[in-house]
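>>> Generate coordinates for the sequence data below:
(one chain, ligands or ions: 2)
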Amino acid sequence: MKLYNTLTKKVEEFIPYNKDMVTMYTCGPTVYYYAHIGNLRTYISEDVLEKGLRYLGYNVKRCMNITDVGHLTGDSDTGEDKLMTAAKKEHKSVLDIAKFYTEAFFKDLDRLNIKKPEIVSPATENISFYINMISKLLDKGYAYESGGNIYFDTSKYSNYYELSGRSKDDLMLAVRDDVDVDNNKKNPFDFGLWFTNSKFKDQELKWDSPFGYGYPGWHIECSAIAIQNLGEHLDIHCGGVDNIFPHHTNEIAQSECYLGHKWCNYWVHMEFLNDKSGKMSKSKGDSKDLNSLIEKGYDPIVYRYFCLQSHYRKVLVYSLESLDMATNAYNKLKGRVKNIKDNLDGEIDYDKALEYQDKFKEAFSNDMNTSLMLTTLYDVIKSDLNNSTKFYLIKDFDSVLSLSLLEDEKISKELEDYVLSKIEERNQAKKEKNYELADSIREELLSKNIVIKDTREGTTFEVRK
Ligand code: AMP
Ligand code: ZN
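Ligands and ions are numbered 1, 2, ... in the order given. Sure, this is the predicted structure:
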């Protein structure tokens, strides 16, 4: 298995610390709003990584946090807590906000066939671990108290700039608009480990600690949750590219100073999903979440298929037109698979199957080349293998791709509601003799492979293969 490692800036052979168990940590969502489809692209890639490693024969122990406290509106300790802002806006408590959007997040994972990590841990349930880590960092002289808060002293950690691969001056220039001028800090990149005296006073969730009544910074939670659940040596740490600096840079600094040795060997970062206007972001408030795609009639699995067509380290530009194309390709694929399934013949040829399985493994092992994995699937379908062997391989590959390839065509409840509302709208348009609108609704449904039929009993629809 070869993986691109942000730490070394090279595609490297993956060698786990303990060959019997790969440990994998993925930064979870900040649950102040629905995950947008950019966030979900990252979780899809992480899901394929976990499943692909299992396909290669590794055992994987994976952990993810849920950020329900401490993530301020600026990544470098600026602004208000994101959950507080949402709680005020929605007139709810922070815990209610966290609960609601955590559930929504897991519903999204489910609809995208993303396996929930074995260990999921909310930030608010690990306060004693942060306190323990921060105490040790203070004892060892890596942290200091200033203005009522505890900060990590970045000048004490000589590899601070290794992950980003940028010099201090270069980074200063790059993030100058994002860096808080906090006079408590000794160095501009020092970051908060514990706040008792932040700029905004009305933080809802606070805890007692040896450093005063307060709350943890965002970065400490991932380090503490990872070390607590996965041990002192981590194999793979994932996240979106925006996490490289400051979040993961800070995680490395505090974890290695706390442990006194190297912590994580492979840093895997997923590139962004952008829309045509540029970066997608939850905080901009114009984000596209999975519900909005479903409301427009798209199947969540088509979005997964769309993501798998490109490499996780390439920016992916999203548009409705590209989703339409993915819908077409996906439905054709399902049609071909159904045809194979309905015409099984002969014995499975395991020797021949092995050749294709090797190709599939090779594609995954080549820095998780998902588009090549899909190509291997199409090669199977086009090959002269008998249908029983094809069926066996499709099922096998789908344990990693998770595209519901073998599920019988069934339409989700959401999609059904959408189609029925469109039919209603079309009938109304016809009544009003607005044939242009009626035709455009039929066309729109057709572009999603929904064929409507007017019968004497009323209008019905079917999914076109
Ligand atoms: P957040 O909920 O903001 O903490 O982000 C959750 C995950 O999504 C993190 O791993 C981010 O790095 C990642 N992420 C944020 N924006 C995007 C985007 N536009 N495309 C892909 N991944 C993203
Ligand atoms: Zn994190």
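>>> and the stretch 201-350 of the chain, which residues reach ligand 2?
Cys222 (Cβ under 5 Å from the ion). Every residue, glycine included, has its C-beta placed from N, CA and C.
>>> Let's see that with 8 Å instead.
Listed as neighbours of ligand 2 in the stretch 201-350 of the chain under the rule Cβ under 8 Å from the ion: Trp218, His219, Glu221, Cys222, Gly239, Asn243, His247, His248, Glu251.
>>> JSON lines please, covering these and showing neighbour count, secondary structure and pLDDT.
Converted to JSON lines, these look like this (neighbours: other Cβ atoms under 10 Å; DSSP: H, G, I helix; E, B strand; the rest coil; pLDDT from 0 to 100):
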{"residue": "Trp218", "neighbour count": "26", "secondary structure": "helix", "pLDDT": "88"}
{"residue": "His219", "neighbour count": "27", "secondary structure": "helix", "pLDDT": "95"}
{"residue": "Glu221", "neighbour count": "28", "secondary structure": "helix", "pLDDT": "95"}
{"residue": "Cys222", "neighbour count": "27", "secondary structure": "helix", "pLDDT": "97"}
{"residue": "Gly239", "neighbour count": "22", "secondary structure": "strand", "pLDDT": "98"}
{"residue": "Asn243", "neighbour count": "22", "secondary structure": "helix", "pLDDT": "95"}
{"residue": "His247", "neighbour count": "20", "secondary structure": "helix", "pLDDT": "95"}
{"residue": "His248", "neighbour count": "26", "secondary structure": "helix", "pLDDT": "98"}
{"residue": "Glu251", "neighbour count": "28", "secondary structure": "helix", "pLDDT": "98"}
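>>> Quickly name whichever of those residues is closest to ligand 2.
Ranked by distance to ligand 2 (Cβ to the ion), those are led by Cys222 at 3.2 Å.
>>> tell me the contacts of the closest one?
Residues near Cys222 by Cβ atoms under 8 Å, 6 or more residues apart in numbering: Tyr25, Cys27, Asn65, His247, Glu251.
>>> what helix or strand is Ser440 on?
helix 435-447 (DSSP states H and E).
>>> The residue in the stretch 101-250 of the chain that ligand 1 sits nearest to pairs with what?
Among the residues of the stretch 101-250 of the chain, Gly240 lies nearest to ligand 1; the distance is 2.1 Å by Cβ to the nearest ligand atom. Per DSSP bridges, the residues bridged to Gly240 are Met270.
>>> Report the separation between it and Glu462.
When distances are taken as Cβ to Cβ, to the nearest Å, Gly240 and Glu462 turn out to be 39 Å apart.
>>> Settle it for me: which of these two has more neighbours?
Ranked by neighbour count (other Cβ atoms under 10 Å), Gly240 and Glu462 place Gly240 first, with 20 against 12.
>>> mind checking pLDDT for the more buried one?
Looking at Gly240, its pLDDT stands at 97.
>>> Could you list which residues are in contact with it?
Counting by Cβ under 8 Å, 6+ apart, Gly240 touches Cys27, Gly38, Asn39, Thr42, His269, Met270, Glu271, Phe272.
>>> filter those residues by proximity to ligand 1?
Filtering these for proximity to ligand 1 by Cβ under 6 Å from any ligand atom leaves Cys27, Gly38, Asn39, Thr42, Met270, Phe272.
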